[in-house]
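Q: Got a sequence here, can you build the structure:
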Amino acid sequence: MSLSFEQKIAIFEDEKYGMERYSIKPNKTNFRYNGKVIVREMRLNGIVAYVWGRDIAEFTGKYRIDDRGGSRLDTCP
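A: The predicted structure is shown next:
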């Protein structure tokens, strides 16, 4: 099951998470929390986005973390 762009946005915009949404380009959306980018490069009509993963990588080896500390949403288990 995959979520639509609107469903993903709704999750990250939920007030209980306290994230701030901002655009980096007309078709790319990021979210930050306490100054740290938590979700980056989420695109309308795109399945790839990155979530901050470096902190969770210390606890599990299930996620591939890139050099910038992100894990691709389309490759998460």
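Q: Which neighbours in the sheet does the longest strand seen in the chain have, and how are they oriented?
A: Looking across the chain with DSSP state E, the single longest strand is strand 36-43. Sheet pairing of strand 36-43 (DSSP bridges) gives strand 28-33 (antiparallel), strand 50-52 (antiparallel).
Q: Compare the mean pLDDT across those and name the weakest.
A: Ranked by mean pLDDT, the strands paired with strand 36-43 bottom out at strand 50-52, with a mean of 75.
Q: what's in contact with it?
A: Strand 50-52 has contacts (CB atoms under 8 Å, 6 or more residues apart in numbering) with 36-41, 66, 68-73, 76. In this view, the C-beta of every residue, glycine as well, is placed from N, C-alpha and C.
Q: Pick out the lowest-pLDDT one from those residues.
A: Where pLDDT dips furthest among the contacts of strand 50-52: residue 76, at 45.
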